[in-house]
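J.: Using only what follows, build the 3D model:
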Amino acid sequence: MEIKKARNWYWWLWLSPLATIPTLASFLSQDIGYDLVCHGGWRSGDWAAAERVTILIAVLGSALWHLVLLGPIRNKESLFVRWHGRQALLLAGVRTIVPLGFGLAFGIDYGALLFIPVQVVVWFGGTLWGQLQVARGECSLARWFGDEALLVSIEESDEEIQASEQSAQALVEIVRCSRDPEERKPAIAELSRRGMVEAL
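T.: Numbering: from 1, shown residues only. Below you'll find the model as predicted:
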């Protein structure tokens, strides 16, 4: 269950460009930096500064969508989900730094478009890496901060679930195949205790 919850948050990282890119484009089209710098009296006529202020506001404004990831970070039930929420937010931070760095370096120019292939690699590679880690019951961020006990507990719980599923399968086989009522009775009772038998 923890693995499924943690993995679901990485779906936000797959889908978030549907929210962040239109927001970025909207901010860029409004030319907020021009209004602030040139009309605000800071440095009248400084177009380069106006461009960079626009880029700064546009990128950081569009990145606010990633505050959704505060949800898993505040999860009180699972430390594993909290660590993956932090890791997903870190990946979102990297995805914010890439366009911000290119934008501040090149301004609103063709050179800034170089960030697109880099961003696609970060988006695809980072999100896939996070989901694969969840599936394996791992979290690099937790390991970097020395919290490996959490990973062991996840692995143990997965083994317990698998053992429980195997024992349930064995009980079902006893009920199906055994002709001895004395052998079937405790198997049915155990399946009933686990909620796997419907009442007639």
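J.: Report back the residue of the protein that's furthest from centre.
T.: Centroid-distance maximum for the chain: Asp180 at 51.4 Å, with Cα atoms, centre = their mean.
J.: Return the list of helices and strands in contact with whichever strand or helix holds Gln119.
T.: In this structure, Gln119 sits in helix 115-136 according to DSSP states H and E. Applying 3 or more Cβ pairs under 8 Å, 6 or more residues apart in numbering; DSSP states H and E, one finds that helix 115-136 makes contact with helix 2-15, helix 79-106. Bear in mind the C-beta positions are built from the backbone N, C-alpha and C, glycine included.
J.: Run through who's touching the following helix or strand past the shortest one.
T.: Tracing the chain past helix 2-15, the next element assigned as helix or strand by DSSP H and E is helix 17-30. Helix 17-30 has contacts (Cβ atoms under 8 Å, 6 or more residues apart in numbering) with 54-55, 57-59, 61-63, 65-66, 99, 108, 123.
J.: In strands, which of those residues appear?
T.: Using DSSP state E, no member of those falls in strands.
J.: Make a markdown table from these and add pLDDT to it.
T.: Listed next are the contacts of helix 17-30 as a markdown table, based on pLDDT from 0 to 100:
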| residue | pLDDT |
| --- | --- |
| Thr54 | 86 |
| Ile55 | 88 |
| Ile57 | 90 |
| Ala58 | 91 |
| Val59 | 93 |
| Gly61 | 94 |
| Ser62 | 94 |
| Ala63 | 95 |
| Trp65 | 95 |
| His66 | 95 |
| Pro99 | 91 |
| Ile108 | 74 |
| Trp123 | 93 |
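J.: In terms of residue numbering, what are the domains of the protein?
T.: According to automatic domain parsing, the chain comprises the domains 2-146, 153-193.
J.: Quick check on Arg74: phi, psi?
T.: With angles defined as degrees, to the nearest 10, Arg74 sits at phi -100, psi 10.
J.: what about it, neighbour count?
T.: Counted with other Cβ atoms under 10 Å, residues neighbouring Arg74 total 10.
J.: List the contacts of it.
T.: 82, 85.
J.: ok, now Ala58?
T.: Applying Cβ under 8 Å, 6+ apart, the residues near Ala58 are 24, 27-28, 32, 103.
J.: thinking again about what came up before, out of the domains of the chain, indicate the one that is most buried.
T.: domain 2-146 (a mean of 17; mean count of other Cβ atoms under 10 Å).
J.: gap between the two ends of it?
T.: Counting by Cα to Cα, to the nearest Å, you get 20 Å between the two ends of domain 2-146.
J.: that older thread, pLDDT at the residue farthest from the centre of the chain, what is it?
T.: What the model reports as pLDDT for Asp180 is 79.
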